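Student: Make a model of this:
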Amino acid sequence: MDAIGPYVDVLLPSIGIFFIFWFVYRAVLKADRGEREAYREAREEYLAAHPEVHSATKMGDADGGPDKEGRAPSVPE
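Tutor: Predicted coordinates:
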């Protein structure tokens, strides 16, 4: 039993740090997933309430980026 003790003493802090990192990283990914889902739902509700904006977004990139010619999508007035 005395032969295992030093190895446990050396490896235990590293394993503890690994699990702390894993829990934090998992929480960040879950929060990001929830934020993306909330943004998608809010965008769908907005586009359902404002069909004129929906037709304008079909012309450009779905994320509001430049279209195929490199121009920014026009903003409806």
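Student: C-alpha from now on. contacts and neighbour counts both.
Tutor: Fine.
Student: backbone phi and psi for Ala3, please?
Tutor: Phi and psi for Ala3, reported as degrees, to the nearest 10, are phi -80, psi -30.
Student: list the contacts for it?
Tutor: Residues counted as contacts of Ala3 (Cα atoms under 8 Å, 6 or more residues apart in numbering): none.
Student: Quickly note the distance from it to Lys30.
Tutor: 41 Å (Cα to Cα, to the nearest Å).
Student: Leu47: neighbour count?
Tutor: Leu47 has 15 neighbours, counted by other Cα atoms under 10 Å.
Student: Okay, and Gly34 sits in which element?
Tutor: helix 5-49 (DSSP states H and E).
Student: packing partners for that helix?
Tutor: Helix 5-49 sits against helix 51-59, with contacts defined as 3 or more Cα pairs under 8 Å, 6 or more residues apart in numbering; DSSP states H and E.
Student: tell me the mean pLDDT over the helix it packs on?
Tutor: On average, the pLDDT along helix 51-59 is 67.
Student: Number of residues surrounding Ser14?
Tutor: 11.
Student: Can you give me the pLDDT of it?
Tutor: The predicted structure scores Ser14 at 96 on the pLDDT scale.
Student: What of Arg40?
Tutor: Arg40 is given a pLDDT of 94.
Student: what bits of this protein have low per-residue confidence?
Tutor: 1, 54-77 (pLDDT under 70).
Student: Go again with 80.
Tutor: Applying pLDDT under 80 to the chain picks out residues 1-2, 53-77.
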